[in-house]
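Trainee: Sequence unavailable; structure follows:
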Ligand SMILES: N[C@@H](CCC(=O)N[C@@H](CS)C(=O)NCC(=O)O)C(=O)O
């Protein structure tokens, strides 16, 4: 019997689960998005509220195997589905870059939740307003790094000719940051048309394009990692 894949993630948001979904979608491998099914929210809540082998979503269940941590799950699936650069050096370098993407994900998330995930944005807005400009000041350095890796590989992907799970993750990161910080992103990405070209190249891959047009794909929203608070993006909006 072939193995089945279950993704355990919150319903209603792309979230960190999206990095995992994109790997399945590009590989054309079926998976069950458990949180979005009947009784799914309760299942996700159970994993979060009870101590167990995995701390929090996204969680991947493959037979008896339970995995957590987005980067770990994506590496596992990427290796299985041939979406890593060749050899031990290849997947280790892919993992390094993926961890840097996860750093940017966390820094982006922390712009609206700088004090605690257990408080509402409105209860930490003063800290968020203080933090966001520091995030925007760091963003160009991250983007310059991704552009450097892409250019050094000779393209058209981060690790050369073939697409990897890290290209998929960068696609989602760039889309998310642009959604959350349209102004800051436009400034930070200036001078890196290669990054926008990579993002566009991923979006039109046949399986990814079909996924993006499907109802499996959730829109960015204000409960997600990437949230649009104009006052964090734009000092003029902050004054109002
Ligand atoms: N470093 C972890 C972070 C996981 C995480 O923060 N998950 C969120 C949803 S995106 C969650 O619900 N965590 C439960 C908790 O922290 O209590 C990863 O990348 O997977």
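Mentor: Sure, I can see it. All values reported here derive from a predicted model rather than from experimental measurement.
Trainee: now residue 121: how far from the ligand?
Mentor: Distance of residue 121 to the ligand, computed by CB to the nearest ligand atom, to the nearest Å: 16 Å. For the C-beta atoms, the positions are set from N, CA and C on the backbone; glycine is no exception.
Trainee: Tell me if I'm right that that residue and residue 229 touch.
Mentor: Yes - in this structure residue 121 lies within contact range of residue 229 using CB atoms under 8 Å: 7.1 Å.
Trainee: Neighbour count: those two, which is higher?
Mentor: residue 229 (19 against 15; other CB atoms under 10 Å).
Trainee: Can you tell me the closest non-neighbouring residue to that one?
Mentor: Take residue 229 and drop its neighbours on the chain: the residue closest to it by CB to CB, 6 or more residues apart in numbering is residue 112, 6.1 Å away.
Trainee: ok, now which ones touch that neighbour?
Mentor: Residues counted as contacts of residue 112 (CB atoms under 8 Å, 6 or more residues apart in numbering) are 121, 128, 227, 229, 232.
Trainee: a markdown table please, covering those residues and showing pLDDT and secondary structure.
Mentor: Putting the contacts of residue 112 into a markdown table (pLDDT from 0 to 100; DSSP: H, G, I helix; E, B strand; the rest coil) gives the following:
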| residue | pLDDT | secondary structure |
| --- | --- | --- |
| 121 | 98 | helix |
| 128 | 98 | helix |
| 227 | 98 | coil |
| 229 | 98 | coil |
| 232 | 98 | helix |
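Trainee: Among those, which one sits closest to the ligand?
Mentor: residue 227 (12.8 Å; CB to the nearest ligand atom).
Trainee: and the closest residue to the ligand within the chain, helix, strand or coil?
Mentor: At 3.2 Å from the ligand, residue 56 is the closest residue in the chain, using CB to the nearest ligand atom. Each residue gets one of three states, and residue 56 gets coil by DSSP: H, G, I helix; E, B strand; the rest coil.
Trainee: okay, and the common contacts of residue 121 and residue 229?
Mentor: 112, 128.
Trainee: How about the residues of this structure by the ligand?
Mentor: Within the chain, the positions adjacent to the ligand are 15-16, 48, 56-58, 69-70, 102 by CB under 6 Å from any ligand atom.
Trainee: Same list (the residues you listed) but as CSV, adding neighbour count.
Mentor: Output for these, formatted as CSV (neighbours: other CB atoms under 10 Å):
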residue, neighbour count
15, 23
16, 24
48, 14
56, 14
57, 22
58, 25
69, 18
70, 23
102, 18
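Trainee: quick revisit: quick one, what contacts the residue of the chain closest to the ligand?
Mentor: 47-48, 68.
Trainee: Relative to residue 50, how far out is the nearest residue to residue 182 once chain neighbours are set aside?
Mentor: Nearest non-adjacent residue to residue 182, counting by CB to CB, 6+ apart: residue 233, 6.6 Å away. Separation of residue 233 from residue 50 (CB to CB, to the nearest Å): 38 Å.
Trainee: So if I had to pick from those two, which one is more boxed in?
Mentor: residue 233 (21 against 7).
Trainee: picking up where we left off before, and the residue nearest to residue 229, its phi and psi?
Mentor: Backbone torsions for residue 112, taken as degrees, to the nearest 10, come to phi -100, psi -10.
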